[in-house]
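A.B. asks: Attaching a predicted model along with its sequence, questions to come.
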Amino acid sequence: FMSQWVYTPVVKDHFMNPRNTLKEDEQFDYDGIGDVGSLACGDQMQILIKVKDDRILDLRWLTYGCASAIASTSMMSEMAIGLTLEEAYHLTPAMITDALGGLPEHKFHCSVLGDKALRAAIDDYLEKQGRENPFKKHVA
Ligand code: FES
Ligand code: FES
């Protein structure tokens, strides 16, 4: 079926012009860092967050993942900046793929990398602060 093979214009735009990626010489003083995926598989994803008053003030990311992973994480980065930590923790792959106008079905695993790494970065931030993670129990 054709649509299995087609990327939406929004996906293409985010793939060609990914938002909020960490530039090679960029100095980004982050408050939390999250790493997911496996380097061996090549789908590693890293998210860096700056936090102020329990909001995502800014975010950068890096991945060795594919086009779908890049588009999903680019979209996620735009959605996450400005959210409270709680809202950001509850961003789902479905919300991200909806905003992209859909992704081919077999590409689902690529779309979960960004939000997983974002939760890991929030976990890391709270841990560094010595705080309990109040959001964790809400996530399956
Ligand atoms: Fe893990 Fe390929 S088997 S990304
Ligand atoms: Fe593994 Fe997309 S990140 S195929």
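C.D. replies: Looks like it arrived, so ask away. Ligands and ions are numbered 1, 2, ... in the order given.
A.B. asks: remind me which residues of this structure are low pLDDT?
C.D. replies: Counting by pLDDT under 70, the low-confidence segments of the chain come to 1-5, 39, 41, 137-140.
A.B. asks: Which residue, other than its chain neighbours, is closest to the most centrally placed residue in the chain?
C.D. replies: Among the residues of the chain, Gly114 comes closest to the average C-alpha position under Cα atoms, centre = their mean, at 2.7 Å. In space, Gly114 comes closest to Thr73 once its chain neighbours are excluded; the distance is 3.5 Å by Cβ to Cβ, 6 or more residues apart in numbering. Where C-beta positions appear, they are placed from N, C-alpha and C, glycine not excepted.
A.B. asks: Spit out the contact partners of the one you found.
C.D. replies: For Thr73, the set of contacting residues under the criterion of Cβ atoms under 8 Å, 6 or more residues apart in numbering consists of 18, 45, 47, 61, 63, 65, 113-114, 117.
A.B. asks: Could I get the phi/psi values of it?
C.D. replies: Phi and psi for Thr73, reported as degrees, to the nearest 10, are phi -70, psi -30.
A.B. asks: next one: Val36
C.D. replies: Per degrees, to the nearest 10, the residue geometry at Val36, taken as phi and psi, is phi -140, psi 170.
A.B. asks: top of the contacts of Thr73 by neighbour count?
C.D. replies: The member of these surrounded by the most neighbours (other Cβ atoms under 10 Å) is Ile47, with 32 neighbours in all.
A.B. asks: Identify, from the contacts of Thr73, the entry nearest to Tyr30.
C.D. replies: When the contacts of Thr73 are compared for distance to Tyr30 (Cβ to Cβ), Ile47 comes out closest, at 8.9 Å.
A.B. asks: was I right about that closest one contacting Leu118?
C.D. replies: Yes. Using Cβ atoms under 8 Å, Ile47 and Leu118 qualify as a contacting pair, with a distance of 5.2 Å.
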